[in-house]
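Peer 1: need a structure here:
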Amino acid sequence: MQDVTRDNFGLLIAYVLPGFVTLWGVSFFSGTVRHWLGTSSQASPTVGGFLYVTVAAVATGLLVSTIRWMTVDRIHHVTGIPMPNWDFAKLGNSLSAFELLVSAHYRFYQWHANMLVAIAFAFFSFAVVSPLQGLLGFEIAISFIVVEIVLWLGSRDTLRKYYERTAKLVNGYSEHAEEDSHPTSS
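Peer 2: Model (predicted):
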(Lines give C-alpha, C1' and ligand atoms only; values in the text may rest on other atoms or scores of the structure.)
Protein backbone atom coordinates (compact mmCIF):
# COMPACT_ATOMS: atom_id res chain seq x y z
CA MET A 1 0.00 0.00 0.00
CA GLN A 2 1.26 3.47 -0.87
CA ASP A 3 2.23 5.80 1.96
CA VAL A 4 0.21 8.93 2.61
CA THR A 5 2.02 11.82 0.92
CA ARG A 6 1.28 15.46 0.18
CA ASP A 7 -0.07 14.35 -3.20
CA ASN A 8 -2.63 11.85 -1.88
CA PHE A 9 -3.37 13.30 1.57
CA GLY A 10 -5.80 15.83 0.09
CA LEU A 11 -7.71 13.12 -1.74
CA LEU A 12 -7.85 11.05 1.44
CA ILE A 13 -9.36 13.85 3.49
CA ALA A 14 -11.58 15.19 0.70
CA TYR A 15 -13.21 11.91 -0.35
CA VAL A 16 -12.23 8.80 1.62
CA LEU A 17 -12.87 10.06 5.17
CA PRO A 18 -16.26 11.67 4.40
CA GLY A 19 -17.15 8.57 2.39
CA PHE A 20 -16.28 6.34 5.33
CA VAL A 21 -18.39 8.43 7.72
CA THR A 22 -21.30 8.19 5.28
CA LEU A 23 -20.83 4.43 5.01
CA TRP A 24 -21.00 4.25 8.80
CA GLY A 25 -24.37 6.01 8.51
CA VAL A 26 -25.46 3.51 5.85
CA SER A 27 -24.43 0.64 8.14
CA PHE A 28 -27.38 1.45 10.42
CA PHE A 29 -29.66 0.24 7.60
CA SER A 30 -27.49 -2.29 5.72
CA GLY A 31 -26.26 -5.55 7.16
CA THR A 32 -23.82 -5.90 4.26
CA VAL A 33 -22.13 -2.57 4.98
CA ARG A 34 -22.21 -3.35 8.71
CA HIS A 35 -20.37 -6.61 7.90
CA TRP A 36 -17.78 -4.77 5.76
CA LEU A 37 -17.10 -2.40 8.65
CA GLY A 38 -16.83 -5.30 11.06
CA THR A 39 -19.43 -3.77 13.33
CA SER A 40 -21.75 -6.75 13.37
CA SER A 41 -21.52 -9.02 16.36
CA GLN A 42 -21.05 -12.08 14.12
CA ALA A 43 -17.87 -11.14 12.25
CA SER A 44 -14.57 -9.39 12.62
CA PRO A 45 -13.10 -7.21 9.86
CA THR A 46 -11.65 -9.06 6.86
CA VAL A 47 -9.23 -8.15 4.06
CA GLY A 48 -12.12 -8.37 1.60
CA GLY A 49 -14.19 -6.14 3.84
CA PHE A 50 -11.33 -3.63 3.96
CA LEU A 51 -11.18 -3.59 0.16
CA TYR A 52 -14.95 -3.18 -0.14
CA VAL A 53 -14.96 -0.39 2.43
CA THR A 54 -12.09 1.43 0.74
CA VAL A 55 -13.66 1.30 -2.72
CA ALA A 56 -17.10 2.09 -1.33
CA ALA A 57 -15.69 4.98 0.74
CA VAL A 58 -14.13 6.53 -2.38
CA ALA A 59 -17.36 6.14 -4.38
CA THR A 60 -19.49 7.39 -1.49
CA GLY A 61 -17.08 10.27 -0.92
CA LEU A 62 -17.51 11.33 -4.54
CA LEU A 63 -21.29 11.18 -4.11
CA VAL A 64 -21.03 13.24 -0.91
CA SER A 65 -18.86 15.74 -2.79
CA THR A 66 -21.55 16.07 -5.47
CA ILE A 67 -24.20 16.69 -2.81
CA ARG A 68 -21.85 19.25 -1.23
CA TRP A 69 -21.46 21.00 -4.59
CA MET A 70 -25.24 21.06 -5.03
CA THR A 71 -25.93 22.49 -1.58
CA VAL A 72 -23.07 23.86 0.51
CA ASP A 73 -21.17 25.51 -2.37
CA ARG A 74 -24.31 27.24 -3.57
CA ILE A 75 -25.22 28.44 -0.08
CA HIS A 76 -21.72 29.87 0.36
CA HIS A 77 -21.99 31.66 -2.98
CA VAL A 78 -25.39 33.14 -2.10
CA THR A 79 -24.30 34.20 1.40
CA GLY A 80 -21.27 36.33 0.65
CA ILE A 81 -18.53 34.24 -0.94
CA PRO A 82 -18.84 35.08 -4.64
CA MET A 83 -17.91 32.39 -7.12
CA PRO A 84 -14.89 33.60 -9.08
CA ASN A 85 -14.68 33.81 -12.83
CA TRP A 86 -11.05 32.84 -13.44
CA ASP A 87 -9.25 32.70 -16.75
CA PHE A 88 -6.93 29.74 -16.26
CA ALA A 89 -5.14 30.62 -19.48
CA LYS A 90 -3.44 33.34 -17.40
CA LEU A 91 -1.81 30.73 -15.16
CA GLY A 92 1.10 30.34 -17.53
CA ASN A 93 4.01 28.79 -15.68
CA SER A 94 2.18 28.94 -12.34
CA LEU A 95 0.56 25.51 -12.51
CA SER A 96 2.61 24.15 -9.60
CA ALA A 97 1.64 27.18 -7.50
CA PHE A 98 -2.01 26.55 -8.38
CA GLU A 99 -1.68 22.89 -7.38
CA LEU A 100 -0.18 24.03 -4.08
CA LEU A 101 -3.18 26.29 -3.45
CA VAL A 102 -5.52 23.39 -4.20
CA SER A 103 -3.59 21.22 -1.72
CA ALA A 104 -3.33 23.91 0.94
CA HIS A 105 -6.85 25.30 0.72
CA TYR A 106 -9.33 23.60 -1.60
CA ARG A 107 -8.79 20.05 -0.34
CA PHE A 108 -9.36 21.32 3.21
CA TYR A 109 -12.48 23.11 2.02
CA GLN A 110 -13.66 19.83 0.54
CA TRP A 111 -12.93 18.07 3.83
CA HIS A 112 -14.83 20.62 5.91
CA ALA A 113 -17.82 20.80 3.57
CA ASN A 114 -17.92 17.09 2.68
CA MET A 115 -17.70 16.13 6.37
CA LEU A 116 -20.51 18.61 7.07
CA VAL A 117 -22.70 16.57 4.69
CA ALA A 118 -21.37 13.16 5.81
CA ILE A 119 -21.79 13.79 9.54
CA ALA A 120 -25.30 15.15 8.99
CA PHE A 121 -26.22 11.96 7.12
CA ALA A 122 -24.62 9.71 9.76
CA PHE A 123 -26.27 11.63 12.61
CA PHE A 124 -29.73 11.44 11.09
CA SER A 125 -29.24 7.75 10.24
CA PHE A 126 -28.27 7.08 13.85
CA ALA A 127 -31.21 9.15 15.12
CA VAL A 128 -33.68 7.18 12.99
CA VAL A 129 -32.40 3.83 14.31
CA SER A 130 -31.81 4.98 17.90
CA PRO A 131 -34.09 7.92 18.69
CA LEU A 132 -32.29 10.44 20.85
CA GLN A 133 -33.81 10.48 24.33
CA GLY A 134 -32.89 11.89 27.68
CA LEU A 135 -29.70 13.63 28.67
CA LEU A 136 -27.48 11.45 26.46
CA GLY A 137 -29.66 12.24 23.44
CA PHE A 138 -29.47 15.93 24.26
CA GLU A 139 -25.67 15.76 24.59
CA ILE A 140 -25.36 13.91 21.28
CA ALA A 141 -27.60 16.47 19.54
CA ILE A 142 -25.64 19.41 20.99
CA SER A 143 -22.35 17.78 20.00
CA PHE A 144 -23.68 17.31 16.46
CA ILE A 145 -24.71 20.97 16.25
CA VAL A 146 -21.33 22.17 17.55
CA VAL A 147 -19.40 19.96 15.11
CA GLU A 148 -21.58 21.12 12.21
CA ILE A 149 -21.01 24.79 13.14
CA VAL A 150 -17.25 24.25 13.32
CA LEU A 151 -17.26 22.48 9.94
CA TRP A 152 -19.46 25.21 8.42
CA LEU A 153 -17.14 27.97 9.63
CA GLY A 154 -14.07 26.02 8.52
CA SER A 155 -15.57 25.48 5.08
CA ARG A 156 -16.32 29.19 4.65
CA ASP A 157 -12.83 30.20 5.72
CA THR A 158 -10.97 27.70 3.54
CA LEU A 159 -13.14 28.40 0.48
CA ARG A 160 -12.67 32.16 0.88
CA LYS A 161 -8.89 31.76 1.21
CA TYR A 162 -8.77 29.44 -1.80
CA TYR A 163 -10.74 31.89 -3.94
CA GLU A 164 -8.75 34.95 -2.80
CA ARG A 165 -5.31 33.39 -3.15
CA THR A 166 -6.06 31.68 -6.44
CA ALA A 167 -7.46 34.95 -7.82
CA LYS A 168 -4.16 36.64 -6.96
CA LEU A 169 -2.27 33.89 -8.75
CA VAL A 170 -4.51 33.79 -11.82
CA ASN A 171 -4.91 37.54 -12.14
CA GLY A 172 -1.38 38.40 -11.05
CA TYR A 173 -2.66 40.96 -8.57
CA SER A 174 -5.20 41.41 -5.81
CA GLU A 175 -8.52 43.12 -6.39
CA HIS A 176 -7.52 45.77 -3.85
CA ALA A 177 -4.32 46.54 -5.75
CA GLU A 178 -6.41 47.19 -8.87
CA GLU A 179 -8.73 49.50 -6.95
CA ASP A 180 -5.78 51.39 -5.48
CA SER A 181 -4.19 51.89 -8.90
CA HIS A 182 -7.18 53.82 -10.33
CA PRO A 183 -7.18 57.55 -9.65
CA THR A 184 -10.21 58.81 -7.82
CA SER A 185 -12.21 61.56 -9.37
CA SER A 186 -13.33 64.43 -7.22
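
Peer 1: if I look at Gly25, how far off is His35?
Peer 2: Note on Gly25: its distance to His35, by CB to CB, to the nearest Å, is 16 Å. To be clear about C-beta, it is placed using only N, CA and C from the backbone, and glycine gets the same treatment.

Peer 1: more crowded one of these two?
Peer 2: A direct count of neighbours by other CB atoms under 10 Å for Gly25 and His35 places Gly25 higher, at 23 against 18.

Peer 1: does that one count as helix, strand or coil?
Peer 2: Three-state call for Gly25 (DSSP: H, G, I helix; E, B strand; the rest coil): helix.

Peer 1: tell me the contacts of it?
Peer 2: 118, 121-126 (CB atoms under 8 Å, 6 or more residues apart in numbering).

Peer 1: Dump those to TSV, plus secondary structure, neighbour count and distance to Thr66.
Peer 2: Converted to TSV, the contacts of Gly25 look like this (DSSP: H, G, I helix; E, B strand; the rest coil; neighbours: other CB atoms under 10 Å; distance: CB to CB, whole Å):
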residue	secondary structure	neighbour count	distance to Thr66
Ala118	helix	27	12
Phe121	helix	20	13
Ala122	helix	22	17
Phe123	helix	20	20
Phe124	helix	13	18
Ser125	helix	17	19
Phe126	helix	17	23
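
Peer 1: which among those residues gets closest to Phe144?
Peer 2: Nearest to Phe144 among these, counting by CB to CB, is Phe123 at 4.8 Å.

Peer 1: Test my guess that the closest one contacts Ile145.
Peer 2: No - look at Phe123 against Ile145 with CB atoms under 8 Å: they stay out of range, at 9.5 Å.

Peer 1: Just the pLDDT at the spatially closest residue to Phe88 that is not a sequence neighbour, thanks.
Peer 2: In space, and not counting its chain neighbours, Phe88 is closest to Val170: 6.7 Å by CB to CB, 6 or more residues apart in numbering. We have a pLDDT of 88 for Val170.

Peer 1: Same question for the one 3 residues further on.
Peer 2: Reported pLDDT at Tyr173 in the predicted model: 52.

Peer 1: try Ser65
Peer 2: Reported pLDDT at Ser65 in the predicted model: 97.

Peer 1: tell me which element it falls in.
Peer 2: Taking DSSP states H and E as the criterion, Ser65 maps to helix 47-68.

Peer 1: Remind me what that helix packs against, helices and strands.
Peer 2: With contacts taken as 3 or more CB pairs under 8 Å, 6 or more residues apart in numbering; DSSP states H and E, helix 47-68 sits against helix 17-26, helix 31-37, helix 107-129.

Peer 1: average pLDDT across the first one?
Peer 2: Pointing back at helix 17-26 there. 96.
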